Structure formats: structure tokens, C-alpha cells
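**Q** give the three-dimensional model of this entry:
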Amino acid sequence: MLVPTAYSLLGDALHRHRLGLGIAAFAVGPFLGAGMALMLGGPLAQQTRWQVPFWTVGGAGLVLAMLLSWLPEPQRQDAARPASIESRGALRFLREQWRPSLAVDLAMVFTAMAGHAMLGWVALWLMRVHDHGLDQATVYYGASVLVGGIAGTFGAGLAGDALRRRGRIGRLHLHAAATAGAALLAGYLFSELAPARALALLPLLVALLAAGLATGSAALQEITPPHLRGLQHGLAVFLINLLGLGLGPLIVGLASLAVDRSGGALGATMGIAIPAMFAIAALAALLGARAQRRAAQALD
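**A** Predicted structure coming up:
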């Protein structure tokens with residue numbers, strides 16, 4: 001419920017030429033949360049019990065939620081409409097704009113699939129392939145998520161807004177470039193690199209992942225009328241959670257077991273599966289980039 005509602009509110013609060021930066025400020029949240037949870041959770045779990053990090057993170061989330069409840073509601077851009085008019089408008093929009101909507105959704109799903117696969121397996125990869133302990137692996141990966149997530153989301157937000165003002169290419173072109181770069185880098189990173197080189201490149205891979213996710217959210221926002229933002233982002237979040245979160249870690253795990261039941265093929269499997277996910281995301285974004293840019297200009 002949070003993400004579709006938040007994106008709908010952001011669309012009302014922000015000018016369209018500043019949309020990328022505003023969405024980046026929201027999209028950086030998961031990277032901040034995951035990075036700090038990894039950096040604190042691994043050492044905490046090793047020193048206490050594995051449940052303690054979950055209690056700690058959950059309690060902090062409740063406190064933040066209560067603080068956010070005091071924020072004022074932004075002025076809505078569109079008046080409330082009857083449910084019948086809303087439903088007809090949604091169906092008409094999906095019929096007319098199915099091509100850019102599908103392109104953004106597919107690009108986001110496969111980018112999220114790669115991201116969740118990384119979140120699920122990178123710490124274990126550092127432990128198995130590079131012989132780090134649990135506390136070392138989670139601290140290193142958590143720091144990479146923090147640094148790369150901040151750089152990628154805000155960099156993509158600023159770059160996307162600059163492209164939007166110039167009007168030459170759209171945000172999906174930027175998404176395609178980020179995920180194509182991530183595909184190449186992931187294939188190299190999860191090969192048998194020296195530990196120091198792998199750790200140095202890990203923040204860059206996270207930054208490219210974060211750039212793709214932040215750019216995709218802004219691209220979807222700028223082609224959607226105000227009264228349909230919640231529905232459009234709700235559908236995207238449903239697909240991302242069902243397919244991205246549901247299949248990303250599962251594919252890597254099953255493929256690794258299929259190759260080697262002892263789990264020794266984890267690095268090789270990640271070096272194939274994660275780049276393939278990024279590559280499909282880049283292809284979907286590139287094929288739909290022109291339609292997305294035209295839809296954004298038409299909505300303006």
C-alpha cells in the first residue's frame with residue numbers, strides 16, 4: 001500500500017521537470033534501510049540471536065511511521081471522481097497506452113528480479129567464494145548498498161530530469177543504459193575476481209541497479225494521468241513483488257543446486273542469471289523508450 005500511495009502523492013507535490021529528483025529521494029529509502037540492516041544485522045545476529053535484527057529494524061520502522069503521520073497532505077491535482085468514471089478511464093488509458101506501460105513494467109520487473117537476487121545471495125557469495133565471515137560479508141555488502149544506492153538513485157534522478165528538460169531522449173533510454181551496464185558489470189564481477197577487486201566494483205553495480213529502479217518509477221509516473229497514478233503504480237508493485245521478489249532469488253538458488261548440490265556453483269550461477277535479468281530489462285526499456293517519451297509529451 002505504501003509505494004503506490006507515495007508515488008501518487010509525489011506526483012501532486014512535484015513539478016514534472018523535478019520528478020526524477022523527488023522520486024529518487026523516496027526510492028533511496030530501501031537502499032538506506034537494507035544497507036543499514038545489513039551492516040548492523042550481521043554483527044548483531046552473530047553476537048546475539050538471529051531474531052534480534054528483525055526486532056530492531058521493525059521497531060525503528062514503527063517509530064518512523066508514527067513521525068510521518070504528522071506530515072501534511074499535498075494539494076491534489078485532480079478532483080475526486082465517481083468509481084464508474086474512474087474504472088472507464090483506467091480501461092481506456094490501458095488500451096491506449098499499453099505499449100509504454102508494458103515496457104516500463106517489464107523493465108522494472110526484471111531489474112527488481114536482479115536486485116532481489118543480489119540482495120538474497122551476495123552476502124552468501126562473499127562468504128563462500130571469498131571466505132568472509134558473516135559479519136564481514138554483511139558489513140561489506142551493506143556499505144556497498146548504502147554508497148551505491150545513494151549515488152545511483154540521486155544520479156539517475158538528476159540525469160533523468162536533465163534529459164526531460166532537453167526533450168531529446170526519454171527516461172527509458174537512461175534505464176536501458178544503466179541496466180545494460182549492470183549486465184556487463186555483473187557478468188564480470190561474479191566471475192573469479194580477486195576479493196579486493198570484487199569489493200571495489202560491488203558499489204558500482206548497486207549504483208547501476210539503483211539508477212534503473214529510480215528511472216523506471218519516474219518513467220511510469222510521467223506517462224500516467226494524476227487520477228490513475230495509484231492504480232498504475234499498484235499494478236507495477238504487484239508485478240515487481242510477484243515476479244521480481246518471488247522469482248529472482250529462487251532462480252539463482254535452483255540453478256545453483258541444479259549445477260552443484262553442494263552449493264559450490266553459486267558464483268558461476270550468479271554470473272549468468274543476474275546479467276541475463278539485467279539484459280532483459282535493458283532490452284524491454286530500449287524497445288519501449290520511444291513510445292514512453294511520446295506518451296509523456298502527449299500527457300504534458
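**Q** wait, Thr153 touches Gly29, no?
**A** No: Thr153 lies out of contact with Gly29 (C-beta atoms under 8 Å); the separation is 9.1 Å. The C-beta positions use only the backbone N, C-alpha and C, and glycine is treated the same way.
**Q** more neighbours, those two?
**A** Between Thr153 and Gly29, Thr153 has the larger neighbour count (other C-beta atoms under 10 Å), namely 30 against 15.
**Q** how distant is the helix or strand encompassing the more buried one from the center of its chain?
**A** Assessed by DSSP states H and E, Thr153 sits inside helix 134-166. Put simply, helix 134-166 sits 10 Å off its chain's centre (C-alpha atoms, centre = their mean, to the nearest Å).
**Q** what helices and strands are in contact with it?
**A** If contacts are counted by 3 or more C-beta pairs under 8 Å, 6 or more residues apart in numbering; DSSP states H and E, helix 134-166 sits against helix 19-47, helix 98-130, helix 171-189, helix 195-221.
**Q** looking at these, spot the one closest to Ser69.
**A** Closest approach to Ser69 among these (C-beta to C-beta): helix 19-47, 16.4 Å.
**Q** distance from the chain centre to that closest one, please.
**A** So, by C-alpha atoms, centre = their mean, the centroid of helix 19-47 is 12 Å from its chain's centroid.
**Q** okay, the angle between the helix or strand following it and helix 19-47?
**A** Next along the chain after helix 19-47, taking DSSP H and E as the criterion, comes helix 52-68. With axes from the mean of the first three to the mean of the last three C-alpha atoms, to 10 degrees applied, the angle from helix 52-68 to helix 19-47 works out at 140 degrees.
**Q** quick check: mean pLDDT of helix 52-68?
**A** Throughout helix 52-68, pLDDT has a mean value of 75.
**Q** helix 134-166 and that helix, what's the angle between them?
**A** Here helix 52-68 runs at an angle of 30 degrees relative to helix 134-166 (the same axes, to 10 degrees).
**Q** possible to save the helices and strands packed on helix 134-166 as a markdown table with distance to Ala258 and mean pLDDT?
**A** Putting these into a markdown table (distance: least, C-beta to C-beta, whole Å; pLDDT from 0 to 100) gives the following:
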| stretch | distance to Ala258 | mean pLDDT |
| --- | --- | --- |
| helix 19-47 | 28 | 80 |
| helix 98-130 | 15 | 93 |
| helix 171-189 | 19 | 95 |
| helix 195-221 | 24 | 92 |
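**Q** before we move on, the earlier item: mutual contacts of Thr153 and Gly29, please.
**A** Among the neighbours of Thr153, none is also in contact with Gly29 (C-beta atoms under 8 Å, 6 or more residues apart in numbering).
**Q** need the contact list for the residue nearest the centre of the chain.
**A** Geometric centre of the chain, nearest residue: Leu213, 3.6 Å, by C-alpha atoms, centre = their mean. Leu213 makes contacts with Ala27, Met108, Thr111, Ala112, Gly115, Thr153, as judged by C-beta under 8 Å, 6+ apart.
**Q** among these, which one has the most neighbours?
**A** Within those, Thr111 tops the neighbour count with 32 neighbours, counted by other C-beta under 10 Å.
**Q** spit out the contact partners of that one.
**A** Shown here is Thr111, whose contacts under the criterion C-beta under 8 Å, 6+ apart are His175, Thr179, Leu209, Gly212, Leu213, Gly216, Gly244, Met277, Phe278, Ala281.
**Q** what residues does the closest residue to Ala112 other than its chain neighbours make contact with?
**A** In space, and not counting its chain neighbours, Ala112 is closest to Gly244: 3.2 Å by C-beta to C-beta, 6 or more residues apart in numbering. With contact taken as C-beta under 8 Å, 6+ apart, Gly244 is in contact with Met108, Val109, Phe110, Thr111, Ala112, Met113, Gly115, His116.
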